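Asker: Any chance you could fold what I've pasted below:
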Amino acid sequence: MCKFRQLLDALARYRTARVELLGGLRAGNRDPLVEWSERLVAELLGGTLAESVVQKDWDGQVGQEHVQVRYLANSPGRWVNEHRVTSLPGVDRYALVIFEAFVPVAVLVFPNDLTAVCAAIGKRHPDQDRVLQFTQANYRAIINNPERFRQLDVQIFTFEMED
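Answerer: Now for the predicted structure:
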C-alpha cells in the first residue's frame, strides 16, 4: 500500500508542476514537451501558434511560413533515440527541439529542402531532399560547425541551463 500512496503523491506533484509549466498555454492532455516545444519555437522565431492543436502538418507560423515542431529526447551521453526529419508539402520549416535529461539543449530549424544539409553531414540514405535521418553524430556536426549550417539555411539555437 505504501508504494501505491507514493505513486499517487508523485502524480499529484507532477500535476501541479505540469500546470505551472504549461500555465498560459493551451489546455489539454497532450504531451507537455510537445506543448512546451511549440511555444518555445514560436517565441524563438517570433511567430504564432496554430489556432488548433490538431492543425494538420504544421504547428506554428512565422509570417507566411508554416513551421512543423517536433522534439527529440534522450538521456545524457550516448543517445538511444534518433529522429526522422521530414519535409511535408505546405510546410516551410521543420523545428526540432532537442532535450537531454529533460533539459532543452538546442533547437534546430531546418529548411524544407534538406539536400544541402544531408550532403554537408555526409548522409547516404535515400530521399535526401525531403528526409534527414537525424542522429547524435549529425547533431554534433551541426553544433560544432554552426556557421557552415547557417549558410545552408539551418537556424541554430543553443541553451545552457542554470542549476
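
Asker: Now do the helix or strand of the chain with the lowest mean pLDDT: everything it contacts.
Answerer: In the chain, no helix or strand scores lower on mean pLDDT, DSSP states H and E than helix 2-21, which sits at a mean of 88. Contacting residues not belonging to helix 2-21 are listed as 32, 36 [C-beta atoms under 8 Å, 6 or more residues apart in numbering]. Every residue, glycine included, has its C-beta placed from N, CA and C.

Asker: pretty sure residue 22 is in contact with residue 38, am I right?
Answerer: No. With contact defined as C-beta atoms under 8 Å, residue 22 does not reach residue 38; the gap is 10.9 Å.

Asker: center of the chain, which residue is that?
Answerer: residue 97 (2.3 Å; C-alpha atoms, centre = their mean).

Asker: Residue 128 versus that one, what's the distance?
Answerer: 23 Å (C-beta to C-beta, to the nearest Å).

Asker: Same question for residue 135.
Answerer: 14 Å.

Asker: what do you get for residue 103?
Answerer: Taking C-beta to C-beta, one finds residue 103 at 30 Å from residue 128.

Asker: Of the two, give the one with the bigger neighbour count.
Answerer: Remark: of residue 103 and residue 128, residue 128 carries more neighbours, 18 against 12, as counted by other C-beta atoms under 10 Å.

Asker: Assign a three-state SS to that one, would you?
Answerer: coil (DSSP: H, G, I helix; E, B strand; the rest coil).

Asker: The residue lying closest to it once chain neighbours are set aside sits in which helix or strand?
Answerer: The spatially closest residue to residue 128, leaving aside those adjacent along the chain, is residue 118, at 3.8 Å (C-beta to C-beta, 6 or more residues apart in numbering). If you go by DSSP states H and E, residue 118 is part of helix 115-121.
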